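Novice: Here is a sequence together with a model predicted from it:
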Amino acid sequence: MQEQNYQNVLVPVDGSAVTEHVLQRAIEVAKTNDAHLDILNILEVNQFNQTYGSAVSGDVVFKLTENTENKLKEMQQEAEDAGVKDVNIHIRFGNPKPIIAREFPNDHDTDVIVMGSTGLSAVERLIIGSVTSYVTRTAKCDVLIVRSKKPNKPTK
C-alpha cells in the first residue's frame, strides 16, 4: 500500500455539529505529514437575497464576516496549540461546491480535503444536494471523509 504524503491540507468548516471532529482529524493529518493547514469557511450571502427578496446590507455582511473570522482564528489557534506549524484561515463568498472541490485547491495546491460526511439534514441534502458528495465526485485531489462520532451501541 502506498503511503500518502500530503503537503497542503484543506479543511472546509461550516459550524455544524461535526466541525470540531473534522477539524481534529485535519489537525492529525497535518501533523502526521508536517503539512500546511488551510481552514476555510464559505459564506453564501446570496442565499439571503433569494430568501428575503432583497439585498443584504453591507453592515450585515461585515458583521457576519467579522464573526466568522473570529471563530476561524480560534480554530487556527487550536491547530497551532496542537502542534501544526503552518496554519492559515480563509473566508470566501459563493457556492461551497465549486469553491471546495476546484477553486480553492487550484489556488492553494491542496493535496487532500478533509471534510465531514454531511452538515445538512436529509431534507436539505435532497433539496440542495450534499456538498461532500459533489466534492468527492469532482475534486482533483484526495478527499478524506470524516464520519460523525456516534455513541457506541451497547453489546448484549
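Specialist: Yes, it's here.
Novice: Quick check: what element follows the top helix by length along the chain along the chain?
Specialist: For the chain, the helix with the greatest residue count under DSSP state H is helix 58-81. Moving toward the C-terminus from helix 58-81, the next helix or strand (DSSP states H and E) is strand 87-93.
Novice: For that next one, C-alpha coordinates in CSV please.
Specialist: Extracted in CSV, the C-alpha atoms of strand 87-93 (Å, rounded to 0.1, in the frame of the first residue of the first chain):
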residue,chain,number,x,y,z
VAL,A,87,-2.0,27.3,9.5
ASN,A,88,-3.9,29.9,7.5
ILE,A,89,-7.6,30.8,7.7
HIS,A,90,-9.7,31.8,4.7
ILE,A,91,-13.2,33.2,4.1
ARG,A,92,-14.7,33.0,0.6
PHE,A,93,-18.1,34.1,-0.7
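Novice: Note down every partner strand of that strand and its orientation.
Specialist: Strand 87-93 pairs in its sheet with strand 36-43 (parallel), by DSSP bridges.
Novice: Tabulate the CA atom coordinates of the partner strand in CSV.
Specialist: Taking C-alpha atoms only, strand 36-43 is exported to CSV below (Å, rounded to 0.1, in the frame of the first residue of the first chain):
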residue,chain,number,x,y,z
HIS,A,36,0.4,23.3,5.8
LEU,A,37,-3.3,23.5,7.0
ASP,A,38,-5.9,25.8,5.4
ILE,A,39,-9.1,26.3,7.4
LEU,A,40,-11.8,27.6,5.0
ASN,A,41,-15.3,28.9,5.6
ILE,A,42,-17.6,29.8,2.7
LEU,A,43,-20.3,32.4,3.2
